[in-house]
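# sequence and computational prediction follow.
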Amino acid sequence: MLKTTPIAKSSSLVDKVTHLASLVGNTPVRTLRVNDQKSIYLKEEGQNPAGSIKDRPALNMMLRAIEAGLVTPDTVVAESTSGNTGIGMAWVCSELGLEYHNYSPMTLSERKQSILRGYGAKLFFSDGGTDEATKLLKSRIDANPGMYFWASQFTNENNWKAHLENTAPELMRQVPDADEVWVAFGSGGTSTGFAHALHNTGIDLRVVQNTLERAKRVEGMRNLAWISKPPIADLDAIGPENMYDTDPEPLIELARWVYENNDGFLLGTTTAAIMTQAIKSEAPNLVVVSPDNGDRYPDWQATVTG
Ligand SMILES: Cc1ncc(COP(=O)(O)O)c(C=O)c1O
């Protein structure tokens, strides 16, 4: 009997995504002076192939979807995002030869638009914010059943599991004497993954969300006061007492000091936002998980280095 091989068509996707997994992660940890008295460890997630920590969940969401048969070579992959997740998805999809559609508000920065286009993404814009971009994407999915795989970082468990299975164990191997690990809050993926990984290790998790001062808010971060809890964010595991708001006051000065005293190292905006609270900690061995680098934000770069 002739054997049909529906999986064969996508089996090369499995090979390709497995290869990509060997390229993501294993990011370096550097020691950074943050003021006259204090140095911290910085896990440089900006060293991932497409430049941010989001390469990890993007890869893991795709890997698991391919394994589950949800993505074949004809699938259009889509996500609604105004940030690094889209860039991570665009990179993974371009490496896999898949079409990627990025839905975002019109406020998506020029820099991120050009990186996305560089990876071959098709860009779709909505009025309003990310919620409106998500609604637009949902309407396209409803109108074209079977055409899309929607990564959906806010509801996809393989977002936070990327950090549980990879980022956190990697960091614990690199800094075995860490006392505290500081991360940012967006979808809740990093914080939830770390919360589960650090449970019962004696290492404390600290999570920094956006400032409540909307005019001073930092791109890519969120604050639970303005949004409903992302479905994947496990606040019980994180512990509400471990959540801090970004302090906008020292943000630029802090980044300038770091730049001038660390051979021109330019913090990303989110990393600087995490540090506005982390520098107040007295823990001797403190690690900041730095989601990306400052060169992704040209206006910020000019402000800090100018
Ligand atoms: C620059 C940057 N930092 C931090 C985060 C937050 O990470 P997470 O979505 O894992 O909570 C994001 C994403 O929202 C981001 O783009």
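Perfect, I can see it now. Numbering: from 1, shown residues only.

# going forward, measure contacts between C-alpha atoms and count neighbours the same way
OK.

# SS state for the closest residue to L171 other than its chain neighbours?
Counting by CA to CA, 6 or more residues apart in numbering, L171 lies nearest to K43, which is 7.6 Å off, once chain neighbours are set aside. Using DSSP: H, G, I helix; E, B strand; the rest coil as the criterion, the local structure at K43 reads strand.

# can you check V92 too?
When classified by three-state DSSP, V92 comes out as helix.

# just give me the neighbour total for it.
27 (other CA atoms under 10 Å).

# mind listing what the residue nearest in space to the middle of the chain touches?
Nearest to the mean C-alpha position of the chain, by CA atoms, centre = their mean, lies K54 at 3.2 Å. Shown in contact with K54 (CA atoms under 8 Å, 6 or more residues apart in numbering): 84-85, 87-88, 291.

# so what's the closest residue to the ligand within the stretch 201-306 of the chain closest to, chain neighbours aside?
The stretch 201-306 of the chain approaches the ligand most closely through G220 (4.1 Å), counting by CA to the nearest ligand atom. With CA to CA, 6+ apart as the criterion, G220 has its nearest non-adjacent residue at 6.0 Å, and that residue is G83.

# am I right that the residue of the stretch 201-306 of the chain closest to the ligand falls within a strand?
No. Per three-state DSSP, G220 lies outside any strand segment and is coil.

# how near is it to S187?
G220 sits at a distance of 9 Å from S187 (criterion: CA to CA, to the nearest Å).

# more crowded one of those two?
Taking other CA under 10 Å, G220 and S187 do not tie; S187 has more neighbours (22 against 19).

# how near is that one to the ligand?
Separation of S187 from the ligand (CA to the nearest ligand atom, to the nearest Å) stands at 4 Å.

# so which pair among the contacts of K54 is furthest apart in space?
Farthest-apart pair in these is I87 and P291; separation 12.9 Å (CA to CA).

# G189: what's its closest spatial neighbour, skipping adjacent residues?
Spatial nearest neighbour of G189, chain neighbours left out: W160 (4.0 Å); criterion: CA to CA, 6+ apart.

# host element of that neighbour?
Assessed by DSSP states H and E, W160 sits inside helix 157-162.

# now V17
Assigned by DSSP H and E, V17 belongs to helix 8-21.

# on that earlier part again, tell me the pLDDT at the residue nearest to G220?
G83 is assigned a predicted lDDT (pLDDT) of 88.

# measure it to the ligand for me?
Applying CA to the nearest ligand atom to G83 and the ligand gives a distance of 5 Å.

# now do the contacts for that residue.
Neighbour list for G83: 108, 112, 219-220 [criterion: CA under 8 Å, 6+ apart].

# narrow those residues to just the buried residues.
Using 16 or more other CA atoms under 10 Å as the burial test, the contacts of G83 include 108, 112, 220 as buried.

# okay if I get those as a markdown table plus distance to F124?
Formatted as a markdown table, these follow (distance: CA to CA, whole Å):
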| residue | distance to F124 |
| --- | --- |
| L108 | 11 |
| K112 | 13 |
| G220 | 18 |
